[in-house]
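build me a model:
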Amino acid sequence: MKRNTGKLPILVILSASLMLALIPVAVQAAPSPTVTIRTIEIKNLVPFKITFQLQNTGDKKLERIIGDATLTDRFGITIDELPIEPFSVAPQTTATITVTSRWEFQKVGIYLLQITLDVGAGSLISKSLAFRIVPISLPHAPPVHMEGEGLYTVHQQPANWGIPLINAPQAWETTYGKNEVVVAVIDSGIDSSIPELARSMWTNPGEIPDNGIDDDGNGYVDDIHGWDFRDNDNSSLVGSKLHWHGTFVASIIAAWPDDKGIVGVAPGVKLMDLRFLDSRNLFYGSDWKKFAAAIDYAVDNGADIINMSIYANGKPPSYFEHAIRRAVAHGVIVVGIAGNDGKPQVSYPAKYSSILAVSAIDRNEHLASFSNYGPEVEITAPGARVTALFPGGIAGTASGTSFAAPHVCGVLALI
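Numbering: from 1, shown residues only. Reported below is the predicted structural model:
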């Protein structure tokens with residue numbers, strides 16, 4: 001009597017989504033059995049249970065069904081292959097293939113994937129693999145073998161939907177930014193005590209910390225990471241929750257990966273902290289001088305790019321426009337925002353032709369409802385419900401053209 005045999009491959013993809021597909025292969029002997037296939041997509045990497053059915057509707061026993069559970073990362077790189085022991089399916093019988101998983105929590109988590117086959121005769125075949133969930137790799141590398149049998153790493157995916165939309169992970173395969181590239185963040189101040197931002201902070205090479213002397217003679221004493229033009233000192237109130245705006249912007253540009261899935265567009269570059277906004281993230285007519293002074297500081301101290309996630313009603317004074325022109329004349333790229341009025345206009349200072357005006361889009365790549373727009377806008381970027389860091393290292397979401405501009409600055413910093 002001739003045996004009916006078949007091969008049953010199972011594909012498991014570990015990524016931001018997880019899909020398990022059952023792909024049939026032609027049975028060698030006639031008549032071929034009818035096989036019922038279902039494919040189910042899991043939206044997030046969470047504990048789950050999926051059941052597949054292999055139905056033998058023929059009149060002959062289907063013997064020595066073998067298969068493989070192939071686990072790949074989101075780039076299609078094989079992590080491991082699990083051979084499934086041969087099994088048989090009697091005529092008019094259904095074999096079920098059940099896939100289950102569960103979390104084993106540690107600091108960043110252990111993900112245990114268990115594959116169980118119930119062949120309908122009380123015989124269970126079970127295989128399992130463990131994966132350590134670790135922060136995003138820079139540049140992205142295939143999972144590597146960890147200590148212990150069957151323990152592998154799976155890198156988190158960025159929590160900010162804007163990161164993959166602008167193809168930052170593809171850029172990271174070449175560079176995640178050079179530390180000689182400096183992006184000045186003129187805003188409400190950066191919480192540089194956050195580990196994800198601390199290593200990205202620009203350090204003034206000509207200044208000795210906390211000696212009370214203007215070592216480099218630039219007019220600012222102990223300006224290690226920048227200057228607070230609001231309070232006229234070297235502190236931008238590190239850790240203060242009042243100054244979330246600048247911290248949020250900075251983390252979009254250059255946060256290093258953490259166990260919350262937060263990562264900036266260009267985490268390898270440096271951030272210059274220049275504060276001039278008040279505790280409510282506002283400024284007034286008399287503050288244009290502080291704003292202009294921050295621009296001059298950025299130019300004089302080596303900034304390559306300036307992020308200005310700020311807009312105002314009315315035209316700035318002429319001395320402010322002069323500061324912008326001086327920055328551009330020195331080769332500094334200045335990025336501004338169109339504004340959040342939902343109108344066909346661009347607000348100052350981004351209205352100046354020498355500034356890149358940025359509008360905001362949502363995750364569907366549609367113009368955000370709050371974003372200004374029009375022919376003066378030069379580029380759009382993610383800005384609706386963007387995920388980044390607040391002071392204290394807390395991850396959260398916020399919306400605004402303010403958060404579209406740092407995506408653009410990050411991309412420019414990678415080039």
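
now the helices for the stretch 101-250 of the chain?
Secondary structure of the stretch 101-250 of the chain (DSSP state H, counting those that start in this stretch): helices at 162-165, 168-172, 195-198, 244-254.

identify, out of those helices, the most deeply packed stretch.
Of all the helices of the stretch 101-250 of the chain, helix 244-254 has the most neighbours on average by mean count of other C-beta atoms under 10 Å, namely a mean of 29. For every residue, glycine as well, the C-beta is placed using N, CA and C.

next SSE after it?
Remark: after helix 244-254, the chain's next helix or strand is strand 270-275, criterion DSSP states H and E.

residues in contact with that next one?
Strand 270-275 is contacted by residues 179-190, 192, 197, 200-203, 225-231, 236-237, 243, 246, 250, 253-254, 294, 297-298, 301, 303 when judged by C-beta atoms under 8 Å, 6 or more residues apart in numbering.

how about it: buried residues?
Across strand 270-275, burial judged by 16 or more other C-beta atoms under 10 Å covers 270-275.

could you chop the chain up by domain?
4-155, 162-414 (automatic domain parsing).

and the end-to-end length of the last one?
I take that to be domain 162-414. The first and last residues of domain 162-414 sit 15 Å apart, counting by C-alpha to C-alpha, to the nearest Å.

mean confidence for that domain?
The average pLDDT for domain 162-414 rounds to 94.

helix, strand, or coil at Thr380?
Three-state assignment for Thr380 (DSSP: H, G, I helix; E, B strand; the rest coil): strand.

ok, what's across the strand from it?
Per DSSP bridges, the residues bridged to Thr380 are Ser359.

quick one, what contacts it?
Contacts for Thr380 were tallied using C-beta under 8 Å, 6+ apart; they are 358-361, 367, 371, 404.

which residues touch Thr401?
With contact taken as C-beta under 8 Å, 6+ apart, Thr401 is in contact with 309, 311, 337-340, 358-360, 368, 370-372, 383.

of all the contacts of Thr380, which two lie farthest apart?
Farthest pair in those (C-beta to C-beta) is Val358 and Leu367. Separation: 12.0 Å.

which one of those two is surrounded by more residues?
Between Val358 and Leu367, Val358 has the larger neighbour count (other C-beta atoms under 10 Å), namely 30 against 17.

I'd assumed Ala338 was in contact with the more buried one.
Yes: counting by C-beta atoms under 8 Å, Val358 does reach Ala338; the two are 6.3 Å apart.

joint contacts of these two?
Joint contacts of Val358 and Ala338 (C-beta under 8 Å, 6+ apart) are 350, 377, 401.
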